[in-house]
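Engineer: fold the following, please.
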Amino acid sequence: MDVVSVVNGEAESWAEVLNRLRRAQGQLAAVITMIEAGRDRKDVVTQLAAVSHALDRAGFKIVAEGIRQCLTERQQGHVPPLSEAQLEKLFLSLA
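Structural biologist: The predicted structure follows:
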């Protein structure tokens, strides 16, 4: 894998994460609007769960890309930016 592929792959991954976060931001704005409008608690909690899920997915994507990056670095004989323990801690922080 060449440097250009890695950089492009990273850019695509960050674009996916940003899309997920923007979606979550829109969902959170909708939750705030729902509360201000006095909407039913069930509807608010349902939307809040969607926000939480979107944030979790973004976090998992970041961790997964970190794992991929570390594997690639090791295959190329480099020291990865994060240790296995650091990646595990990041992953568990999302649980």
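
Engineer: low-confidence ranges, this protein, go.
Structural biologist: Low-confidence segments of the chain, defined by pLDDT under 70: 1-9.

Engineer: same thing but at 50, please
Structural biologist: 1-4, 6 (pLDDT under 50).

Engineer: what residue is smack in the middle of it?
Structural biologist: Ala58 (1.7 Å; CA atoms, centre = their mean).

Engineer: secondary structure class for that one?
Structural biologist: Secondary structure of Ala58, reduced to three states by DSSP: H, G, I helix; E, B strand; the rest coil: helix.

Engineer: contacts only, for it.
Structural biologist: The contact partners of Ala58, by CB atoms under 8 Å, 6 or more residues apart in numbering, come to Val17, Arg20, Leu21, Ala24. Quick note: C-beta positions are derived from backbone N, CA and C, even for glycine.

Engineer: can I assume the second one is in contact with Ala54?
Structural biologist: Yes. Taking CB atoms under 8 Å as the contact criterion, Arg20 and Ala54 are neighbours in contact, 5.6 Å apart.

Engineer: circling back to that earlier point, look up how far Ser93 lies from the nearest residue to the residue nearest to the centre of the chain once chain neighbours are set aside.
Structural biologist: Setting aside the residues directly before and after it, Ala58 is nearest to Arg20 in space (CB to CB, 6 or more residues apart in numbering), at 4.1 Å. For Arg20, the distance to Ser93 under the criterion CB to CB, to the nearest Å works out to 17 Å.

Engineer: who has more neighbours out of the two?
Structural biologist: Taking neighbours as other CB atoms under 10 Å, Arg20 and Ser93 compare with Arg20 leading, 20 against 9.

Engineer: and the host helix or strand of the more buried one, what's buried?
Structural biologist: Of the helices and strands defined by DSSP states H and E, Arg20 is found in helix 3-36. For helix 3-36, the buried set under the neighbour-count rule, 16 or more other CB atoms under 10 Å, comprises Ser13, Val17, Arg20, Leu21, Arg23, Ala24, Gln27, Leu28, Ala30, Val31, Met34.
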